[in-house]
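[1] Quick one: sequence and predicted model below, then my questions.
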Protein chains: 2
Amino acid sequence: MTRKKAHLLGFVQHGVMNHASTMWAHPQDKIGYSFARPEYWRDLGRIMERGLFDAMFIADELAPYTTYQGSSDAVVRYAAQFPVHDPAAVVPIVGAFTKHLGIGITLSTSFIRPYQMVRQLSTLDHLTGGRVGWNIVTSYSKSEFQAMGLENLTPRDKRYEVVEEYMQLCYQLWDSWDDDAISYDRSTGVFADPSKVREVDFQGRYFRSRGRSFVMPSPQRRPVLWQAGSSEQGRDFAARHAESVFGVFPTVTTMRAYADDIRARADRAGRDPSQLKLIFGLQTVVDRSRDRAVEKYEEFRSLIRIESALAIMSGHTGVDFSTLDLDDDVADVDAQGIRGLFDAILQKNDGKPVTVREAAELYGMAMGAPTAVGTPADVADEMEHYLDEGGCDGFMLLATNVPGCFVDIAELVVPELQRRGRYRQRYPGTTLRESLQEY
Amino acid sequence: MTRKKAHLLGFVQHGVMNHASTMWAHPQDKIGYSFARPEYWRDLGRIMERGLFDAMFIADELAPYTTYQGSSDAVVRYAAQFPVHDPAAVVPIVGAFTKHLGIGITLSTSFIRPYQMVRQLSTLDHLTGGRVGWNIVTSYSKSEFQAMGLENLTPRDKRYEVVEEYMQLCYQLWDSWDDDAISYDRSTGVFADPSKVREVDFQGRYFRSRGRSFVMPSPQRRPVLWQAGSSEQGRDFAARHAESVFGVFPTVTTMRAYADDIRARADRAGRDPSQLKLIFGLQTVVDRSRDRAVEKYEEFRSLIRIESALAIMSGHTGVDFSTLDLDDDVADVDAQGIRGLFDAILQKNDGKPVTVREAAELYGMAMGAPTAVGTPADVADEMEHYLDEGGCDGFMLLATNVPGCFVDIAELVVPELQRRGRYRQRYPGTTLRESLQEY
């Protein structure tokens, strides 16, 4: 059996916080206000490209969470996924200052019409030379709909029916220009042949669109499609549409169960399961000295403000954890929302009871993903374990201090993986799809 | 009386065509497919910054026009404002490769919710260090609503009532963070004081929004507000809200009438009219030799394909000109839509009858704006005339061949204006507002 090679992605947000609570308070964290400036994104992109990452992956929400205490007060106070600026605006910057790094962007189908979504994504795919991935999300948070001034009219069980139709319309638009449509003939003044740019006339149950797509076919034609499906319907959707799936699982057992399930679904949907790349959340705290790595991990943990972690966990799960006692057993909580992620915390403790406080501390650190702490060899060992036993194809790297944690990956972990034949030596091409499908 | 200095802006689109029909067929036009690549925007931004322009101004539509022959066939064939990629995506690129140049972006209030609009614009204002202008438009074209799959439910006479409310909500969001809200205190983990980031609770007739703005106050806090109001209501809206107004008038008389009217409205709205900058459309064809300039102008005119011009003119006015004979008198046409622009063509001919063909040729060249043809001194003379007699503060420069026409402005016309004391020698600061309000 050939040794499976790893894909690496850097998981970030366009804000002060990435995915670990209050890490901006670490003395070595360099984010400050700089996240709002282009130099930050130029440098972060270059670091990830030096590490031969498949992509920078930019998460997003659309409004501050208000679940905890029915307010966004704690969210504001601790910068708990707040503020979060528009992720689309940094894609062209990262693209302009790198040559190979992909850029995954989270855009919600709830507030952008399909025609506009196709235009936006294809524009970005052009400007990056074919390096855009779309993390397909449907908004669920009440605070997002309130901020937009809209009602969420989609019942939860219809969510994937709606987005299924959304995708069909996007595909029609992406595929509507023939490869030879453009002639660009200066002598006749004829730019394109109208018979080769088909008008889309889509009359669906949830979406309608009539007209020609306004954007030339981009280098990848369709962006790489990403999804993080955890529910039954979400997994089926991912198995049908996604080229890569992102999931967070705390243990190798839960990883493997998910991997087997998703690949079986892809197979049933008539796809080659090996083409669907499974990328799982992983946090790393790495140092040449194991003792120093452990020390750093403790430093990070000590930064977490419990209220910040509770506010995030409340936002993600839909449960207001301020109504519970910190010593309550978290297993008693009826967590709606993204139940899968929340379950992860329970599983992490190998079935032993977990208090709300312990859950929040784990969630605040890595949202339920494992944290690999140690030397480059230790971290590479753990990655190999997840690749071989957990069934994943690579890792979505959750940040601690930024950009330091990604520098550590690029300079310490990547060379170790390469030595073991577990990582690429160079990019295989210029598009994100080429990187993702390389192995 | 001090000599009024000129503001210059470069008027472009994110596509093959800017605002003159079929100019992409000119042997010296360099757009090609490169408009979809970051290098094109980097270079164009640098040229305009070398010319000390206030801003690059990016126009937009959201779908191809279908007015002419009830189809977008001609639009596709001649690249008549087709394709047009997402303008927002190039703003961060122009910003990252320039230091002073402003970037005006056209975004429609019809398909983006106010909460999201504020987030997008403030994000861009951050990433450019305070150099973003928003050209406020409400969509009117049937093809745009069809592509989005929505009905245009706003009656024409309610249009400005709706956008008035839209602006009030945007202002509340932009003003909701106090200047001293952020403490960024690493020792306590406290990022901001919730009492200084006010929750907006807006319950209007057309828009609602509840929540805290998701984006830090940007360098300009609000982007510079631009508007192109021609109707009665549009002029009143511009007089109340805009920091700069863009208009197209074919003669010094029509310029002056508009300037006097808008300034009187601003005065009645309680504003200092001199703070409202009037920027009028102007095309230039310049060469050190006057004969060569005239020759170049004829070259450009010969490129225009009548069908392309008719398709654009139909799209802008809402009249299907394919139903008319090319020799018909254009004065008989009942032009709805942006009537002001269309009237301009009639006025250009000093009251003499104009055929549909002649109108299309003029419209195809410069949308009814004057074209200044000649030496740098000739062009500067004409600019001075419009500044002094036409009452404008500067010019929106319509392109011919790109980027050559902007290079000519920067290298030939700007030095001439500077010699005459009619132009800045350097940028006054770092934000667009500073440039615009310098004189």
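    Cool, the structure landed. Numbers count the residues shown, from 1 in each chain, chains lettered A, B, ... in the order given.
[2] Please give the element, helix or strand, for the closest residue to A:Lys4 other than its chain neighbours.
    Spatial nearest neighbour of A:Lys4, excluding adjacent residues (C-beta to C-beta, 6 or more residues apart in numbering or on different chains): A:Leu387 at 4.9 Å. C-betas here are computed from N, CA, C, even on glycine. Secondary structure assignment for A:Leu387, by DSSP states H and E: helix A:376-388.
[3] Toward the C-terminus from that helix, list the very next helix or strand.
    Later in the chain than helix A:376-388, the nearest helix or strand by DSSP H and E is strand A:394-398.
[4] Which residues does that following strand contact?
    Outside of strand A:394-398, the residues within contact range by C-beta atoms under 8 Å, 6 or more residues apart in numbering or on different chains are A:6-11, A:18-20, A:54, A:57, A:246, A:277-284, A:366-367, A:369, A:383, A:386-387, A:405-406, A:409.
[5] hmm, back to that, quick one: pLDDT of the residue nearest to A:Lys4?
    pLDDT, A:Leu387: 98.
[6] Do I have it right that it meets A:His7?
    No. Using C-beta atoms under 8 Å, A:Leu387 makes no contact with A:His7, being 9.7 Å away.
[7] Identify the contacts common to those two.
    The contact sets of A:Leu387 and A:His7 overlap at A:Asp393, A:Gly394 (C-beta under 8 Å, 6+ apart).
[8] what about the two, which has more around it?
    Neighbours per residue, other C-beta atoms under 10 Å in any protein chain shown: of A:Leu387 and A:His7, the larger number sits with A:His7, 25 against 22.
[9] hmm, back to that, what subset of the contacts of strand A:394-398 is buried?
    Buried subset of the contacts of strand A:394-398 (neighbour count, 16 or more other C-beta atoms under 10 Å in any protein chain shown): A:6-11, A:18-20, A:54, A:57, A:246, A:277-284, A:366-367, A:369, A:383, A:386-387, A:405-406, A:409.
[10] From those, which land in strands?
    Secondary structure from DSSP state E places A:7-11, A:57, A:246, A:277-284 of these in strands.
[11] what residues are up against the residue nearest to A:Lys4?
    The contact partners of A:Leu387, taken as C-beta under 8 Å, 6+ apart, are A:Lys4, A:Ala6, A:Asp393, A:Gly394, A:Arg422.
[12] Please work out how many residues are found near the fourth one.
    Around A:Gly394 there are 25 other residues, counting by other C-beta under 10 Å.
[13] And the last one, by the same measure?
    By the criterion of other C-beta under 10 Å, A:Arg422 has 18 neighbours.
[14] Secondary structure of it: a strand, I assume?
    No. When classified by DSSP: H, G, I helix; E, B strand; the rest coil, A:Arg422 is found to be coil rather than part of a strand.
[15] if I pick it, what's in contact with it?
    By C-beta under 8 Å, 6+ apart, the neighbours of A:Arg422 are A:Arg3, A:Lys4, A:Lys5, A:Ala6, A:Ala380, A:Met383, A:Glu384, A:Leu387.
[16] The last one and A:Arg426, how far apart?
    A:Leu387 sits at a distance of 20 Å from A:Arg426 (criterion: C-beta to C-beta, to the nearest Å).
[17] How about the third one?
    Noted for A:Lys5: a distance of 13 Å to A:Arg426, by C-beta to C-beta.
[18] Looking at the two, which has the bigger crowd around it?
    Higher neighbour count among A:Lys5 and A:Arg426: A:Lys5, with 17 against 6, using other C-beta under 10 Å.
[19] Kindly list the main-chain dihedrals of that one?
    With angles defined as degrees, to the nearest 10, A:Lys5 sits at phi -90, psi 150.
[20] Quick one: neighbours of the nearest residue to it once chain neighbours are set aside, just the number.
    Leaving aside its sequence neighbours, A:Lys5 sits nearest to A:Tyr439 (C-beta to C-beta, 6+ apart; 4.7 Å). By the criterion of other C-beta under 10 Å, A:Tyr439 has 17 neighbours.
[21] Now do the contacts for A:Tyr439.
    Taking C-beta under 8 Å, 6+ apart, one finds A:Lys4, A:Lys5, A:His7, A:Arg424 in contact with A:Tyr439.
[22] residues in contact with the second one?
    Counting by C-beta under 8 Å, 6+ apart, A:Lys5 makes contact with A:Gly421, A:Arg422, A:Tyr423, A:Arg424, A:Tyr439.
[23] what's the answer for the last one, then?
    Shown here is A:Arg424, whose contacts under the criterion C-beta under 8 Å, 6+ apart are A:Lys5, A:Leu52, A:Gln418, A:Glu438, A:Tyr439.
[24] picking up where we left off before, as JSON lines, the contacts of A:Arg422 with distance to A:Ser176 would be great.
    Converted to JSON lines, the contacts of A:Arg422 look like this (distance: C-beta to C-beta, whole Å):
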{"residue": "A:Arg3", "distance to A:Ser176": "42"}
{"residue": "A:Lys4", "distance to A:Ser176": "38"}
{"residue": "A:Lys5", "distance to A:Ser176": "36"}
{"residue": "A:Ala6", "distance to A:Ser176": "37"}
{"residue": "A:Ala380", "distance to A:Ser176": "46"}
{"residue": "A:Met383", "distance to A:Ser176": "42"}
{"residue": "A:Glu384", "distance to A:Ser176": "44"}
{"residue": "A:Leu387", "distance to A:Ser176": "39"}
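[25] what's the most distant pair in those residues?
    Farthest-apart pair in the contacts of A:Arg422 is A:Lys4 and A:Ala380; separation 13.1 Å (C-beta to C-beta).
[26] who's more crowded, those two?
    A:Ala380 (26 against 16).
[27] What residues sit buried inside stretch A:375-392?
    Within stretch A:375-392, the residues that count as buried by 16+ other C-beta under 10 Å are A:375-376, A:378-380, A:382-384, A:386-387, A:390-392.
[28] chain center to it: distance?
    In terms of C-alpha atoms, centre = their mean, to the nearest Å, the centre of stretch A:375-392 is set 20 Å apart from its chain centre.
[29] And for stretch A:156-170?
    Remark: stretch A:156-170 is offset 20 Å from the chain centroid, using C-alpha atoms, centre = their mean.
[30] For it, C-alpha coordinates in CSV please.
    These are the backbone C-alpha positions of stretch A:156-170, laid out as CSV (Å, rounded to 0.1, in the frame of the first residue of the first chain):
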residue,chain,number,x,y,z
ARG,A,156,-35.0,23.0,8.6
ASP,A,157,-36.0,19.8,6.8
LYS,A,158,-36.4,21.6,3.5
ARG,A,159,-33.0,23.2,3.7
TYR,A,160,-31.2,20.7,1.5
GLU,A,161,-34.1,20.6,-1.0
VAL,A,162,-33.6,24.4,-1.4
VAL,A,163,-29.9,24.3,-1.8
GLU,A,164,-30.1,21.4,-4.2
GLU,A,165,-32.2,23.5,-6.5
TYR,A,166,-29.8,26.4,-5.9
MET,A,167,-26.9,24.2,-7.1
GLN,A,168,-28.7,23.1,-10.2
LEU,A,169,-29.2,26.7,-11.3
CYS,A,170,-25.5,27.5,-10.6
